[in-house]
Each structure stands twice: as structure tokens, then as C-alpha cells.
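> no sequence for this one, just the structure:
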């Protein structure tokens, strides 16, 4: 009798551990999913919406099937074996994520599908099956736990299993977000989850199928081995990221199309900076070049006191440190220390140069910590999440905080990416800036010949109008920029559908949706 109770207790413990661990693994995959997709489709609101919806759909269907596989008459060993196979399928389908990512992405990225469709299809192909199979586990384990402890009220046991599943999900979320992605990367995290599923499956096979254990283990081994061999052949277990931080997939590549001495930094799926090892003041990115030329037009040769919102490759701070020999007061606020480290190690940034202060913090939070008095000649907004600007950095309240810290002759300049034919986000920013600054200007590079699609705009706000409507580059690559006529800008922003952005309502992703969906309105 004592031995039977001991066996019962051991099974209960295994059921609890398995539910906790499988729930944790399911949420780990959901969190790491965003990082896996980021190098291909970015990490936007639409990416997370698709991932969460697909994972929940997989879990829902899995729970339903799991309930069918756990009828009242099912025997304990049969239930344990079924749970083992669900965990085995979870292990194989999780490992297959890395293979499918390369294969499906290679088919979808060159296609004519709009980005939202690509995100949904890719998310479904990768994450539905792992969520489906792990969803099967919970109803079976809960049913077995009730059967194993018939002396207690079923509601108490069911409540305990639900609680363990939820706690496991919390643990998985925290482990993925705070530890695994930063320490072992997204690929390593997927491999770890697959290993945990495999270990749980083996445990259930060992105690659930005495006669068939060997054949089950051999079959699981063959499935995992075959998937692993295919993944190794396709190099699916190699991360496309050179560095995986808490915020970005960071890649550093040579840029021979620009110059033999140039390198670029890509964050997730977009190039953010291009630096030259020999010529710090040679700007390959037109919008960086604009800010340099515009500053000289407005400030002359005086070293500008500047606040940089976003660092990236630190192209402009690096150039101005070199040019002004430490006489300019430059504060660059970059939220991700790993980005700064990559710029130091690969893009020739020298962080200890006199006149440059690098801060790793949210740019708005740090600005709020500074004295409420004019301090800067230039505040340059260049912080992006995918192709959008974080919403708290485009609101009227933030613009007021910027204006309070600008010198009388100073200006705010913001890099904005939007659809050139229907720039709803751009117009909302301009309309919001007019609430703070008497003069708001929109600049675009001249001669690009862009008729439709994505364009990079430069928006400025200040107390004084620019002296000219055309800005010519006086050094570096031959470029010029043209300012939208004031009458055109005023006419466009006065339309009722153009929003003013506030801390209460700044729907950046919705305003960018016409670009993301590639529709023509």
C-alpha cells in the first residue's frame, strides 16, 4: 500500500512538472518568435499581433484535441503515452521552426504579397504546429491528475493544474525575455525548448509504455535526427544575427557598393547606419548628410550643442567629434548598449572622445531628467522600431519637452519614413509640431525620382524659418534637398482626417498601415 502511494505521488509530481515545463516552453517559443521573424519582416505591432493570434489558435485547437484524447475511460498508461507523443511532436515541430523559417521566408520575401500577408503566412507556417501539439498536453495531464488522486475533490486538482500551467507560462515569458534570448540567442533558445520537450516525452514513454518503450524511443530518435540533419544541411541552426541583444538582431556587413572602406549596421531587417573608416564626415545616408548641411546653414561653423535621440552607428556624432575636435557638446542617447558596443567594435566609434557623452536610456526619459532650460542648438530624432518611430517620441507633450530645452536659434529635426503618395504619419507629425513651433518644414531629397512607395522625409521645427527652400550639399557626395512649399504643407495638414498626436492617442502603426499594406487609397 505504501509502495502504491509512492508510485502515485511520483506520477502526480511528474504530471505537475510536465505541465509547468510544457507551458513555459510554449510561451518561450511565443516570445522568441518575434526575434526569429525580425531579420525578415521586422518587429512591429503587426508582427506581434500575428504571432499571438497564431499561437493562441494553435493552443485552442490543441486543447480541443487533447480533450478528445482524454475520455473518461482512458487508462493511465494510455494517457501517459499519448502525452508523450504530443510532447515528442512538440519537440520535432519546434526544431522544424528553424528549417521552415529559411524555406518559407525564401519563398515569401520575393513575392508580390503585401507585408501583412507575409507576416501572417510566415507566423502560421512556423508557430501553429508547435503550439497545437503542446496544447494537446494540458487536458491529458489534467485528466490523469484527477484520476491519480480520486480521494480529493476534482475541482481542487483542476485548479492546481491550471495554476501550474499559468505559472509555467509566466516563467517561460520571463526566462525568454530576460535570460535566454540575450544569453544563448534565439536559435539556441529554440534548440533548448526542443530538448526539454524531448526529455519530457522520454519520461512519459518510460513510465507509460513498458512493452513499447524501446521502439518509441528509437522512433523519436530517428525523427529528431532526421530533422537535425536536414537543418544542419540547410544551415538553419546558424543565426542570421551577429549579435542578439535585448532589443535587436544586429548585423554588421561590409558595404563595397558604397566604398571598400565602408561598413553598415542592420537592426532587424533594415540598414540603420553606414560608416567609413577613413572619412568620418563622408555620409552615405542622405538624411544624415542633410542634418549636417542643415546645421551648418543654420548655425554656421560654430560647434553645435546637440541631443541625439537614437545612436545606431553614431554616424553624425562620430563625424562631429572628428570635425569639432571636442568643442561641441554632444549627447547621444541609445537605448540598447549592444548597439553602441557594435558601433565601437565594428564601425570605428570612439566613445571616450572629448565632447561626446553616450547614455543608455530611453531618450525621452533622459531628456526629462535634464534641467528645464535652453541647452541645445540641435535636437535630432533618429530612433526607430522597424520603420516606425516609437509613439512616445512623436507626441505633442514630447515636443513641448524638446522646445523647453532648445536655444532661441535652435531647431528640432526628425527623420520620418512614410509612403510618399499618402504620408499620413508624416502629416500627423507636422500638424502636431505646429502646436509647439511657429515654423515647421518638410524636406525631401531632390532628384530621386520616387513616384510611389517608401520615402525618407526630414521634418524640422523651430522659431525661425530656413533662409532657403533648397539646400545644397557643400561637401561629400553631391546631393540637394528641397523644402515643401509652406502653402502645400498647411493645406495638407488642415484636412480633418490628419490627427494631432498626443500621449493619449498616437496610433503610429495605424497611420503607417497604408504603407505596410501597400494599398493605394
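Okay, I see it. Nothing here was measured: the structure is a model prediction, and the numbers come from that model. Residues are numbered from 1 along each chain as shown.
> can you pull out the strands in the chain?
243-244, 249-254, 262-267, 270-276, 306-309, 330-333, 356-359, 376-381, 406-419, 439-445, 454-462, 470-472, 480-483 (DSSP state E).
> By residue count, which helix of the protein is the longest?
As assigned by DSSP state H, the longest helix anywhere in the chain is helix 2-41.
> so what's residue 324 closest to, chain neighbours aside?
residue 303 (4.2 Å; CB to CB, 6 or more residues apart in numbering). Quick note: C-beta positions are derived from backbone N, CA and C, even for glycine.
> Next one: that neighbour, what pLDDT does it get?
pLDDT recorded at residue 303 is 94.
> next one: residue 130
We have a pLDDT of 97 for residue 130.
> Who are the contact partners of residue 24?
Contacts for residue 24 (CB atoms under 8 Å, 6 or more residues apart in numbering) come out as 168, 169, 171, 172, 175.
> Reformat those as TSV; add distance to residue 373.
As requested, the contacts of residue 24 are exported to TSV (distance: CB to CB, whole Å):
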residue	distance to residue 373
168	51
169	48
171	47
172	47
175	44
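> CSV for the residues you listed, including pLDDT, distance to residue 362 and neighbour count?
Formatted as CSV, these follow (pLDDT from 0 to 100; distance: CB to CB, whole Å; neighbours: other CB atoms under 10 Å):
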residue, pLDDT, distance to residue 362, neighbour count
168, 96, 31, 24
169, 95, 28, 18
171, 96, 27, 16
172, 95, 26, 25
175, 95, 24, 18
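> Among these, name the ones in helices.
Those of these lying in helices (DSSP H): 168, 169, 171, 172, 175.
> Find the residue closest to the third one in space, skipping its chain neighbours.
Meaning residue 171. With CB to CB, 6+ apart as the criterion, residue 171 has its nearest non-adjacent residue at 4.8 Å, and that residue is residue 24.
> The nearest residue to residue 65 once chain neighbours are set aside: neighbour count?
In space, and not counting its chain neighbours, residue 65 is closest to residue 136: 5.4 Å by CB to CB, 6+ apart. Residue 136: 28 surrounding residues under other CB atoms under 10 Å.
> give the contact list for residue 136.
62, 63, 65, 66, 69, 82, 83, 86.
> How much space separates it from residue 194?
17 Å (CB to CB, to the nearest Å).
> circling back: I'd like the strands of the chain as a markdown table, with mean pLDDT and mean neighbour count appended.
Below are the strands of the chain laid out as a markdown table (pLDDT from 0 to 100; neighbours: other CB atoms under 10 Å):
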| stretch | mean pLDDT | mean neighbour count |
| --- | --- | --- |
| strand 243-244 | 90 | 21 |
| strand 249-254 | 94 | 18 |
| strand 262-267 | 95 | 22 |
| strand 270-276 | 92 | 21 |
| strand 306-309 | 97 | 26 |
| strand 330-333 | 96 | 24 |
| strand 356-359 | 96 | 18 |
| strand 376-381 | 96 | 24 |
| strand 406-419 | 94 | 21 |
| strand 439-445 | 96 | 21 |
| strand 454-462 | 93 | 20 |
| strand 470-472 | 95 | 15 |
| strand 480-483 | 96 | 18 |
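> any chance of those strands in CSV, with distance to residue 96 too?
Formatted as CSV, the strands of the chain follow (distance: least, CB to CB, whole Å):
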stretch, distance to residue 96
strand 243-244, 21
strand 249-254, 21
strand 262-267, 26
strand 270-276, 28
strand 306-309, 41
strand 330-333, 41
strand 356-359, 42
strand 376-381, 42
strand 406-419, 35
strand 439-445, 44
strand 454-462, 34
strand 470-472, 53
strand 480-483, 49
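> Out of these, flag the one nearest residue 29.
strand 243-244 (15.9 Å; CB to CB).
> nearest to residue 39, of the strands of the chain?
strand 249-254 (5.0 Å).
> what distance separates that closest one from the middle of the whole chain?
15 Å (CA atoms, centre = their mean, to the nearest Å).
> contacts for it?
35, 38-39, 186, 239-244, 262-268, 338-339, 342, 346-347.
> Mind listing the strands that strand pairs with, and their directions?
strand 243-244 (antiparallel), strand 262-267 (antiparallel) (DSSP bridges).
> of all the ones you listed, which lies closest to residue 127?
Residue 127 lies closest, by CB to CB, to one member of the strands paired with strand 249-254: strand 243-244, at 18.7 Å.
> That closest one: how far from the chain's middle?
Using CA atoms, centre = their mean, the offset of strand 243-244 from its chain centre is 12 Å.
> now stretch 339-351
Chain-centre distance of stretch 339-351: 21 Å, with CA atoms, centre = their mean.
> Likewise for stretch 165-181?
The answer for stretch 165-181 is 17 Å, by CA atoms, centre = their mean.
> do stretch 415-431 as well
22 Å.
> Contacts for it next, please.
287, 380-382, 384, 387-389, 394, 414, 440, 442, 450-459, 489, 492-493, 495, 498-501, 508, 511-512, 514-515, 520-521.
> Which parts of the stretch 1-150 of the chain are helices?
Counting by DSSP state H, counting those that start in this stretch, one finds helices in the stretch 1-150 of the chain at the ranges 2-41, 45-68, 76-108, 115-148.
> Out of these, the one nearest residue 255 is which?
Using CB to CB, the nearest of those to residue 255 is helix 2-41, at 17.6 Å.
> Can you check what angle separates the closest one from strand 249-254?
40 degrees (axes from the mean of the first three to the mean of the last three CA atoms, to 10 degrees).
> Now do the buried residues in helix 2-41.
Using 16 or more other CB atoms under 10 Å as the test for burial, helix 2-41 gives 11-12, 14-16, 18-41.
> One more: stretch 416-435?
In stretch 416-435, counting by 16+ other CB under 10 Å, buried: 416-420, 423-434.
> Residue ranges of each domain in this structure, please.
2-244, 270-516 (automatic domain parsing).
> My guess is residue 332 contacts residue 312. True?
No - counting by CB atoms under 8 Å, residue 312 is not a contact partner of residue 332; they are 9.4 Å apart.
> just to revisit the earlier point, how far off centre is the longest helix of the chain?
With CA atoms, centre = their mean as the basis, helix 2-41 stands 25 Å off its chain's centre.
> now it and strand 270-276, what's the angle there?
Relative orientation of helix 2-41 and strand 270-276, computed by the same axes, to 10 degrees: 60 degrees.
> Now do helix 2-41, average pLDDT.
Rounded mean pLDDT across helix 2-41 is 83.
> One more: stretch 92-103?
94.
> pLDDT below threshold where in the stretch 301-450 of the chain?
448-450 (pLDDT under 70).
> what about 90?
301, 326, 351-354, 371-375, 384-389, 419-422, 446-450 (pLDDT under 90).
> Which stretches in it count as helices?
Under DSSP H, counting those that start in this stretch, the stretch 301-450 of the chain gives helices at 315-324, 337-346, 363-369, 396-404, 424-433.
> just curious, which of the contacts of residue 24 is nearest to residue 53?
For the contacts of residue 24, the nearest to residue 53 is residue 169 (16.6 Å; CB to CB).
> residue contacts, the closest one?
The contact partners of residue 169, by CB under 8 Å, 6+ apart, come to 23, 24, 26, 27.
> let's see it at 10 Å
20, 23, 24, 25, 26, 27, 28, 30 (CB atoms under 10 Å, 6 or more residues apart in numbering).
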